[in-house]
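A.B. asks: pasting the sequence and the predicted model now:
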Amino acid sequence: MRSKTFRIGGVHPEENKLSNDSVTKQAPLPKVAVYPLSQHIGAPAKAIVKEGDKVKVGTMIAEAGGFVSANIFSSISGTVVKVGDALDVSGAMKPCVVVQREGEGNVWEESIDRSEKLERLESHPELTPEEIINRIKYAGVVGMGGACFPTHVKLMPPPGAKADCVIINGVECEPYITSDYRLMMEKPDQLLEGLKILMAAVKVDKGYIGIEDNKPEAIKELSEKLLRLGISNIEVVPLQKKYPQGGEKQLIDAVIGRQVPAPPAIPINVGAIVQNAGTAVAVYEAVMKRKPLFERYTTVTGKQLSNPSNYLVRMGTSFGELINLCGGMPEGDNKVLAGGPMMGRAVPSIDVPVGKGQNSITILSGDEAKRKDPQPCIRCAKCVSACPMGLEPFLLAKGSAMEKWDMLEQEDITSCIECGSCQFTCPAHRPLLDDIRKGKGTVSGIIRSRTAPAPAPAAKPAPAAKTEAPATKNDAPAAKAANAKPMSTAPKPFVAPANIDFSGPKQNPVPTIKKGPKPAVMPTNWPK
């Protein structure tokens, strides 16, 4: 069977799957675990412990701060030593809970089932869709491919939306990363049960597992297991090796041939729910074992690293501890990424902690760690051909640098998935993704401000005793301003692409053409 793929754009970066054959090992428990309260998309969690409290493995230390949020649990047993700010992977000081290990630090909550017995969904008729979602929500499960969107929210579609299928993302198209591959090879039964649980939660009868064809062992393992179990409503779909195949919208296009429209449309609008392979296993553990999400598979890799490996890591472990397990930081210049080289971001310190979305720690060394100097755009349009969303990255980057927010909104900058394909393929080494991220963040904020509730009007002062003077012509501008709509509710302006003005102080000045040493002479026989 021919492998499938998505229709628009895509690139083929070097794979560098250095840890593909490294069997996952349990990482040592940290002596001090740091838990940022923003390990997910949405509202930060709220700490429910205080300094001096004793916690066990699986004790809730922070509860969800809203509907789009997630609970956070301790990954070691010990004492809470700080509830305050600490450095996280973003480079900012964020609210955190810090726990110091006591003894071996591995005393678990009694409610967690630590047995190795595989629980089948068919053996638990008490698991209604509502009960499944409640257990997932309590366990703090989020998307573990990096986006960290709370899983229970995905399983509760908005009114009028209905899922037709659940798709498990086993693509792992980002270079270097192998954590999902090892999980599929080492926990295939739990993955399949997790998929069945997700299908039951949203009441669908069809499931897919998308895997790129550079992982033939995983495709074979899961396909043969489905055949042995007689499961016909779950299908393993081999996909062509192409980045960013693991993007949610690209995966839906490749697996079921449906294209998700621009925001605010989401995958459920075309009948699909996508979950990462690691998320499926976490769902199985949350529902069947009542185990909260406090550990995950993480790859630690790099060309100059002595021993690239995969680890089962407790949340709160520092990057530095894992790097030391792989032989320590290589000599020379290094850049440490939270994630892979395409979408990962450099961290300011190796003391930052592993969180729920940390699928990889990638170390780029030497020339790999340095960006090449950007050159002027040569108008080759390679970025346009590579963009999997059909956007024009050169235009979005230019508009972002010049703060043309209205134009960027009209050009659908919010559709950008920040995959980095444009920057990867640019022969001029332009920092396209950096500029686009800035513009996307600003435009998204502007859009959110329009839907935000208007501030409550201030209380009107008591009327003065004296008689008001009649309004005059000079009072008209003030009255008009008083009755004007606040900016957040004003109709959004648009600028037609044909009228985009790229002039101004931010535009590079047009170079002066120097005259040659002598004026051009018209040939004598030149036709008039």
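C.D. replies: Structure received.

A.B. asks: now do the helices in the chain.
C.D. replies: Assigned by DSSP state H, the helices in the chain fall at 129-138, 151-154, 179-186, 188-201, 216-229, 248-256, 277-288, 319-325, 382-386, 393-401, 405-410, 421-425, 432-451, 476-482.

A.B. asks: Serialize these to JSON lines and add fields for mean neighbour count.
C.D. replies: Where you see a C-beta, it was placed from the backbone N, CA and C, and this is true even at glycine. Below are the helices of the chain laid out as JSON lines (neighbours: other Cβ atoms under 10 Å):
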{"stretch": "helix 129-138", "mean neighbour count": "18"}
{"stretch": "helix 151-154", "mean neighbour count": "24"}
{"stretch": "helix 179-186", "mean neighbour count": "24"}
{"stretch": "helix 188-201", "mean neighbour count": "23"}
{"stretch": "helix 216-229", "mean neighbour count": "15"}
{"stretch": "helix 248-256", "mean neighbour count": "24"}
{"stretch": "helix 277-288", "mean neighbour count": "27"}
{"stretch": "helix 319-325", "mean neighbour count": "19"}
{"stretch": "helix 382-386", "mean neighbour count": "19"}
{"stretch": "helix 393-401", "mean neighbour count": "24"}
{"stretch": "helix 405-410", "mean neighbour count": "21"}
{"stretch": "helix 421-425", "mean neighbour count": "23"}
{"stretch": "helix 432-451", "mean neighbour count": "17"}
{"stretch": "helix 476-482", "mean neighbour count": "9"}
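
A.B. asks: isn't Leu29 up against Glu104?
C.D. replies: Yes. Assessed by Cβ atoms under 8 Å, Leu29 is found in contact with Glu104 at 7.2 Å.

A.B. asks: so for the two, which sits in the more crowded spot?
C.D. replies: Neighbour tally, Leu29 and Glu104, criterion other Cβ atoms under 10 Å: the higher count belongs to Leu29, 21 against 9.

A.B. asks: just for the chain, where's the confidence low?
C.D. replies: 1, 454-528 (pLDDT under 70).

A.B. asks: residues making contact with stretch 205-213?
C.D. replies: Stretch 205-213 is contacted from outside by 3, 164-173, 184, 191, 195-196, 198-199, 218-219, 222, 233-242, 245, 251, 254-256, 277, using Cβ atoms under 8 Å, 6 or more residues apart in numbering.

A.B. asks: now do 7 Å
C.D. replies: 3, 164-171, 173, 195, 199, 218-219, 222, 233-241, 245, 251, 254-255 (Cβ atoms under 7 Å, 6 or more residues apart in numbering).

A.B. asks: and for stretch 139-148?
C.D. replies: Residues contacting stretch 139-148 (Cβ under 7 Å, 6+ apart): 39-41, 70-73, 149-151, 169, 246, 275-276, 278-279, 282-283, 286, 291-293, 296, 339, 343, 356-357, 359.

A.B. asks: repeat for stretch 320-334
C.D. replies: Residues contacting stretch 320-334 (Cβ under 7 Å, 6+ apart): 27, 30, 300, 302, 304-309, 311, 313, 350-351, 361, 363-366, 369-370.

A.B. asks: out of those, which sit inside strands?
C.D. replies: Members of these lying in strands (criterion: DSSP state E): Val300, Ser309, Tyr311, Val313, Ile361, Ile363, Leu364, Ser365.

A.B. asks: and those, which is closest to Asp412?
C.D. replies: Nearest to Asp412 among the ones in strands among the contacts of stretch 320-334: Leu364, at 31.4 Å, using Cβ to Cβ.

A.B. asks: give the contact list for that closest one.
C.D. replies: Gly302, Asn334, Lys335, Leu337, Pro341.

A.B. asks: the fourth one against Gly344, yeah?
C.D. replies: To tie it back to what came earlier, the one meant is Leu337. Yes. Counting by Cβ atoms under 7 Å, Leu337 touches Gly344, with 3.6 Å between them.

A.B. asks: mind listing the shared neighbours of these two?
C.D. replies: Thr362.

A.B. asks: ok, the closest residue to Ser385 other than its chain neighbours - how many residues close by?
C.D. replies: With sequence-adjacent residues excluded and distances taken as Cβ to Cβ, 6 or more residues apart in numbering, Ser385 is closest to Gly9, at 6.6 Å. Close neighbours of Gly9, defined as other Cβ under 10 Å, add up to 22.

A.B. asks: just Thr79 next, same as before
C.D. replies: Neighbours around Thr79, by other Cβ under 10 Å: 15.

A.B. asks: how about the one 3 residues further on?
C.D. replies: In terms of burial, Lys82 registers 14 neighbours under the definition other Cβ under 10 Å.

A.B. asks: that one touches Val99, doesn't it?
C.D. replies: No. In this structure, Lys82 is not within contact of Val99 by Cβ under 7 Å, at 8.8 Å.

A.B. asks: next one: the residue nearest in space to the middle of the chain from Thr301, what distance?
C.D. replies: Centroid-nearest residue in the chain, with Cα atoms, centre = their mean: Ala147, separated by 2.5 Å. Separation of Ala147 from Thr301 (Cβ to Cβ, to the nearest Å): 21 Å.

A.B. asks: just Cys165 next, same as before
C.D. replies: 33 Å.

A.B. asks: more neighbours: which of those two?
C.D. replies: Thr301 (27 against 22).

A.B. asks: how many residues are close by the residue nearest to the more buried one when sequence neighbours are not counted?
C.D. replies: Among residues not flanking Thr301 along the chain, Pro308 sits closest, at 4.1 Å (Cβ to Cβ, 6+ apart). Residues near Pro308, counting by other Cβ under 10 Å, number 23.
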